[in-house]
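Colleague: 3D model of this:
(one chain, ligands or ions: 2)
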Amino acid sequence: MNQSRMCKTRNTVQRALILETVRDLKSHVSADEVHAIVSRTHPTISRGTVYRNLSKLAQEGVIAKHSMPNGPDRFDYNVSNHYHAVCENCGKIVDIEMSCLDGIENKVDNTHGYSLSGFDLVFKGLCPDCMAKGGKDNG
Ligand SMILES: [Zn+2]
Ligand SMILES: [Zn+2]
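Modeller: Ligands and ions are numbered 1, 2, ... in the order given. This is a model prediction of the structure:
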């Protein structure tokens, strides 16, 4: 009894810590990045714990999870409906300000019988930093 209670408390602490990290960063982080940051202060937290908590938080809608075309899923503190631009050179992701395309899923010719729940819209290009450096870091 006691042990499961302790375990539950520990899980809650870890979950809060992981959520706080995503919110504090105010950016779009991969599970590995969250783990790297959390483990600086809490070296005992395993990568698996971070992954599990992130997916659970995303499932619950506390944070958002975005699938990126070339890279790991990103977790977003901003759960409102918004879009992203990714830098093809350094991989930095930013939020795009634009009016949301309401009901875009209804405009899809759904010939495959899927029940659509949403989409990830990602614009690609170069961020200002990489443009200033003249594009690709091909060294
Ligand atoms: Zn860049
Ligand atoms: Zn975002």
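Colleague: Trp28 pairs with what?
Modeller: Careful, residue 28 is His; it's not Trp. Asp76 (DSSP bridges).
Colleague: just checking, it touches Phe75?
Modeller: Yes - taking contacts as CB atoms under 8 Å, His28 lies within contact range of Phe75: 7.1 Å. In short, each C-beta sits where N, CA and C put it, glycine included.
Colleague: Find the residues that touch each one of the two.
Modeller: His66 (CB atoms under 8 Å, 6 or more residues apart in numbering).
Colleague: residues contacting the spatially most central residue of the chain?
Modeller: Most central in the chain under CA atoms, centre = their mean is Phe75, positioned 1.4 Å from the mean C-alpha point. Residues in contact with Phe75, defined by CB under 8 Å, 6+ apart, are 22, 28-31, 34, 54, 57-58, 63-66.
Colleague: Could you dump those into CSV and include secondary structure, pLDDT and neighbour count?
Modeller: Compiled in CSV, the contacts of Phe75 are given as follows (DSSP: H, G, I helix; E, B strand; the rest coil; pLDDT from 0 to 100; neighbours: other CB atoms under 10 Å):
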residue, secondary structure, pLDDT, neighbour count
Val22, helix, 96, 25
His28, strand, 92, 23
Val29, strand, 93, 23
Ser30, coil, 95, 17
Ala31, helix, 96, 21
Val34, helix, 97, 23
Leu54, helix, 97, 25
Leu57, helix, 96, 18
Ala58, helix, 95, 18
Ile63, coil, 96, 22
Ala64, strand, 93, 20
Lys65, strand, 92, 16
His66, strand, 89, 18
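Colleague: which residue sits closest to Met98, ignoring its sequence neighbours?
Modeller: Residue nearest to Met98 in three dimensions, not counting chain neighbours: Tyr83, with 6.3 Å by CB to CB, 6 or more residues apart in numbering.
Colleague: List the contacts of that neighbour.
Modeller: Asp95, Ile96, Met98, Cys100, Leu121, Val122, Phe123.
Colleague: Report the beta-bridge partners for it.
Modeller: Ile96.
Colleague: and the gap between it and Lys124?
Modeller: 12 Å (CB to CB, to the nearest Å).
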